[in-house]
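**Student:** Fold the following for me, if possible:
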Amino acid sequence: MSEPRPRVIVVTGIQAAGKSTVARLLAERFKRGVHIEADVLQQMIVSGGEWITEPGVIGGAAARQLRLRLHNACLLAVSFLDAGFTPVIDDIIIGERFDQLKSELAGLPFELIVLAPSPVIVAAKRDEGRGKRVLGEKWARYLDDALRETMAGEGIWVDSSDQTPEETVREIIRRLDLRPTA
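**Tutor:** The predicted structure is shown next:
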């Protein structure tokens, strides 16, 4: 792949859509690529951490920690971008979190990639045997509905339902190359 001017790439999608796998593979394709995994930032909280436990119920400490997590992911991305790297962030970006992302990256070149596999079939299949905490079909359906409602028309959407992670990365690269980097 020809090396485009560095920019921040944000990979989002529902839980278990393959964000971390795709983001890491995508970052590896750049001469100077960095993968910033939001879940790892969340895991840095060793006591007092709060996770969202019910679809649609986001408030209190869990909401503040999600904002902090995205803020820190963007700080890292800006730092790496300034050093000539292409940072690839993976996180669930939906609704007002997209507003925060745009604010955090204001004035910087960035691309949003939305992984949009079938929430029922693919999320369930990808959850099998995973070591990560998952919330099941109810959560996947809620996130998919919220993603499609609040993020319609934003970024590059990829239906990765029938793709391997490598095929998804190839499609993303092909579609990024078609877009201006100015």
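
**Student:** Strands of the protein, start to end?
**Tutor:** For the chain, the strands defined by DSSP state E occupy 8-13, 33-37, 86-90, 110-115, 156-158.

**Student:** Can you add distance to residue 47 and mean pLDDT and give these back as a markdown table?
**Tutor:** No exception for glycine: its C-beta is placed from N, CA and C like everyone else's. What follows is those, written out as a markdown table (distance: least, C-beta to C-beta, whole Å; pLDDT from 0 to 100):
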| stretch | distance to residue 47 | mean pLDDT |
| --- | --- | --- |
| strand 8-13 | 28 | 96 |
| strand 33-37 | 21 | 97 |
| strand 86-90 | 25 | 97 |
| strand 110-115 | 32 | 95 |
| strand 156-158 | 37 | 96 |
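
**Student:** possible to save those as CSV with distance to residue 144?
**Tutor:** CSV is the format used below for these (distance: least, C-beta to C-beta, whole Å):
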stretch, distance to residue 144
strand 8-13, 9
strand 33-37, 21
strand 86-90, 17
strand 110-115, 11
strand 156-158, 12
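
**Student:** Columns mean neighbour count and distance to residue 19 on top of those strands, output as TSV?
**Tutor:** Output for the strands of the chain, formatted as TSV (neighbours: other C-beta atoms under 10 Å; distance: least, C-beta to C-beta, whole Å):
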stretch	mean neighbour count	distance to residue 19
strand 8-13	28	5
strand 33-37	19	9
strand 86-90	27	4
strand 110-115	22	6
strand 156-158	19	11
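
**Student:** which parts of stretch 154-163 are buried?
**Tutor:** Across stretch 154-163, burial judged by 16 or more other C-beta atoms under 10 Å covers 155-158, 160, 163.
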